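> Got a predicted structure here, sequence first:
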Amino acid sequence: MADFEKILFKNIDFPDQDKIDIYIKNGGYNALRKALDSMSPESVTEEVIKSGLRGRGGAGFPTGRKWTFLPKDSKRPVYLTVNADESEPGTFKDRELIEKDPHLVIEGTLLAAYAIKCGQAYIYIRGEFAFGARQLNKAIEEARAKGFLGKNILGKGVDIEIIVHRGGGAYICGEETALLTSLEGNQGYPRVKPPFPAISGLYSAPTIINNVETLSNIPYIINKGAEKFSAFGTAKSPGTKIFCLSGHINKPGNYELPMGIPLRELLYEYGGGIKDGRNLKAVIPGGSSVPLLTADKVDVRMDFESLAEAGTMLGSAGVIVIDETVCMVRAAYNLARFYQHESCGQCTPCRQGTYWILAILERIERGRGSLKDLDKLLEICENIEGNTICPLGDAATPSVKSTIHHFRDEYEYHITEQKCKVSMGPRFE
């Protein structure tokens, strides 16, 4: 792998990096000073566009281009919302940034707010992240005391406030419109799009929603320039990415590496290989909502385009490693149980579809299934996909479809032999 410079985790383990004096000592808030001293909001946006930075929350949409969707003539206030909900199973990158380097998140938020001419930003953080919320609130107060936040920032006539809002722990509130509904004080139901949040978002005003990791790249881009950032990664997926390794891997954790690193290198050089010397069976490369890859696909490169060509997605880069001891029917059942539980129930295809997926998988697990159930599962998935208000329904289907596609023999064995083909402890109860 070519040499690269860490952007997000450069100082993550530096002692007291969460304190503002240490953050400043390590170059913190220099990007904010530079932007306010010598750059217009438009030039900050242009630099981010030139960098090619794409959203790190899962969708991979170009960040700077997203900012340009705001209406130019709106008389309504513009809001910025930072998505720190991070509910995707297998994903834990934003949490580490928030807890260990909160000022990086705050500086990125301030730069984005300046770029879109926003005076009020909200950080919507998952309710269970109590320590992270405290870290952010402490960082906000430290930044305000130093003049980096609030009224007349650094004497430049720019006013930006940031409020941390703790959610209730619902997976659905990681979806941008459900997040906005929850932030307004209502039940976190997704909204029909269009209109998109950039036109009508929080309180029906123009709103930009960006992920924590996305915004944490902005200080580097402003400090070092777009060309320096885009020198890492690939042409269409520039920069570095935090890959979250979990499952049957010897060295689980977060790894910041260039976009496009081969999955094999990530697993065996950085992750230390498969736990207990077992064989690799499958990998979920982008969090639980993307199709899995079989062991023969480990040479795929970890970027948006390469994984799309391989029939899956980078998503949030939650890399879940599955070894040969895992029953894929049980794995699909566990994920189906999660999505059925987290469905908000607003859409009939999702509400009923996730229920029936879970019911049929449970029936198969109990040894009461029929071979017709496999076609029924695929039919239910087809009826969910593209027919819901938000992507949660779509997220519930890949684990079912890809396990049936790649491991149909395990399903059929469950059905015909009424037991699991893979030995992995007690049967389903």
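Everything's here; your move. Being a predicted model, the structure only gives us computed values, none of them experimental.
> and the longest helix seen in the chain, what's its mean pLDDT?
Ranked by residue count and defined by DSSP state H, the top helix of the chain is helix 348-365. Helix 348-365 carries an average pLDDT of 95.
> likewise stretch 259-271?
97.
> For it, measure first residue to last.
16 Å (CA to CA, to the nearest Å).
> same thing with stretch 211-224?
Across stretch 211-224, first to last residue, CA to CA, it's 21 Å.
> Any chance you could list what contacts that stretch?
The contact list for stretch 211-224, computed with CB atoms under 8 Å, 6 or more residues apart in numbering, reads 7-8, 27-28, 30-32, 34-35, 39, 44, 47-48, 51, 53, 55-58, 63, 82-84, 86, 93-94, 97-98, 101, 104-105, 107-109, 111-112, 228-229, 239, 242. Using the backbone N, CA and C atoms, a C-beta is placed for each residue, glycine as well.
> How far does the longest helix of the chain sit from its chain's centre?
25 Å (CA atoms, centre = their mean, to the nearest Å).
> any idea of the angle whichever helix or strand comes after that helix forms with helix 348-365?
Using DSSP states H and E, the helix or strand that follows helix 348-365 in sequence is helix 372-384. Helix 372-384 and helix 348-365 are oriented at 160 degrees to each other (axes from the mean of the first three to the mean of the last three CA atoms, to 10 degrees).
> can you list contacts of helix 372-384?
349-350, 353-354, 356-357, 360-361, 363-364, 393-394, 396-397, 400-401, 404, 408, 411-412, 415.
> Give me the distance from it to the chain's centre.
27 Å.
> What residues of it count as buried?
If you call a residue buried by 16 or more other CB atoms under 10 Å, then helix 372-384 has these buried ones: 373, 374, 377, 380, 381, 383, 384.
> Between these, which sits nearest residue 294?
Residue 294 lies nearest to residue 374 out of these, by CB to CB, at 18.2 Å.
> so what pLDDT did that closest one get?
Residue 374 is given a pLDDT of 97.
> Dump the longest helix of the chain to PDB, keeping only the CA atoms.
In PDB, the C-alpha atoms belonging to helix 348-365 read as follows (Å, rounded to 0.1, in the frame of the first residue of the first chain):
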ATOM      1  CA  THR A 348     -46.900  -1.200   5.100                       C
ATOM      2  CA  PRO A 349     -44.300  -2.900   2.900                       C
ATOM      3  CA  CYS A 350     -41.600  -2.400   5.600                       C
ATOM      4  CA  ARG A 351     -43.900  -3.000   8.600                       C
ATOM      5  CA  GLN A 352     -45.400  -6.200   7.200                       C
ATOM      6  CA  GLY A 353     -42.500  -7.300   5.100                       C
ATOM      7  CA  THR A 354     -39.900  -7.300   8.000                       C
ATOM      8  CA  TYR A 355     -42.500  -9.100  10.100                       C
ATOM      9  CA  TRP A 356     -42.900 -11.900   7.600                       C
ATOM     10  CA  ILE A 357     -39.200 -12.200   6.800                       C
ATOM     11  CA  LEU A 358     -38.600 -12.800  10.500                       C
ATOM     12  CA  ALA A 359     -41.500 -15.200  10.900                       C
ATOM     13  CA  ILE A 360     -40.400 -17.300   7.900                       C
ATOM     14  CA  LEU A 361     -36.800 -17.400   9.000                       C
ATOM     15  CA  GLU A 362     -37.800 -18.400  12.500                       C
ATOM     16  CA  ARG A 363     -40.000 -21.200  11.000                       C
ATOM     17  CA  ILE A 364     -37.000 -22.400   9.000                       C
ATOM     18  CA  GLU A 365     -34.800 -22.300  12.100                       C
END
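> Now that helix: buried residues?
Buried residues in helix 348-365, counted by 16+ other CB under 10 Å: 349, 350, 353, 354, 356, 357, 358, 360, 361, 364, 365.
> Also stretch 115-125?
Those would be 115, 116, 117, 118, 120, 121, 122, 123, 124, 125, for stretch 115-125 by 16+ other CB under 10 Å.
> next one: stretch 69-77
Using 16+ other CB under 10 Å as the test for burial, stretch 69-77 gives residue 70.
> Likewise for stretch 174-194?
174-183, 188-191.
> Could I get the contacting residues of residue 61?
Taking CB under 8 Å, 6+ apart, we find residue 61 in contact with 54, 55.
> and the gap between it and residue 185?
Distance from residue 61 to residue 185, counting by CB to CB, to the nearest Å: 27 Å.
> what does residue 251 give?
Relative to residue 185, and taking CB to CB, residue 251 is found at 42 Å.
> picking that back up, just send the buried residues of helix 372-384 back as TSV, with distance to residue 152 too.
What follows is these, written out as TSV (distance: CB to CB, whole Å):
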residue	distance to residue 152
373	65
374	64
377	59
380	57
381	54
383	55
384	51
